[in-house]
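**Q** coordinates only, sequence not included:
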């Protein structure tokens, strides 16, 4: 692996973020998930509860548990963006 010493800190941060994002995509897909939402380098899982007829998910690859839900796909997307912004 190439040494990061002496490189621009912005480049290092971008490389680390990209690596983490790639890792999370693999992890999420490895859990048999087929779709996820993406906003500001955050990934959100997407699920549907048939009994309650509601979409729900959580922000993946972070230390906290942050969930979101909606009655429609658009509501789910909006709730995910609001969860990231909070």
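**A** Thanks, I have the structure now. Predicted model only: the values in this text are computed from it and were never measured. Numbers count the residues shown, from 1 in each chain.

**Q** where in the protein is the helix or strand with the lowest mean pLDDT?
**A** helix 9-30 (a mean of 61; mean pLDDT, DSSP states H and E).

**Q** following element in sequence after it, please.
**A** Where DSSP states H and E defines the elements, the next helix or strand beyond helix 9-30 is strand 36-39.

**Q** list the helices and strands that next one packs on?
**A** Contacts defined by 3 or more C-beta pairs under 8 Å, 6 or more residues apart in numbering; DSSP states H and E place strand 36-39 against strand 42-45, strand 54-60, helix 73-85. For every residue, glycine as well, the C-beta is placed using N, CA and C.

**Q** and the last one, what's buried?
**A** Read that as helix 73-85. 76-77, 79-81, 83-84 (16 or more other C-beta atoms under 10 Å).

**Q** for this protein, which spans come out with low pLDDT?
**A** For the chain, residues meeting the criterion pLDDT under 70 lie at 1-34.

**Q** OK, contacts around residue 68?
**A** 44, 56-59, 76, 79-80, 82-83 (C-beta atoms under 8 Å, 6 or more residues apart in numbering).

**Q** ok, now residue 38?
**A** Counted by C-beta under 8 Å, 6+ apart, residue 38 has contacts residue 44.

**Q** partners of it in the sheet?
**A** residue 43 (DSSP bridges).

**Q** what does residue 57 give?
**A** residue 68.

**Q** columns distance to residue 66 on top of the helices and strands packed on strand 36-39, output as TSV?
**A** Shown next, in TSV, are those (distance: least, C-beta to C-beta, whole Å):
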stretch	distance to residue 66
strand 42-45	9
strand 54-60	4
helix 73-85	5
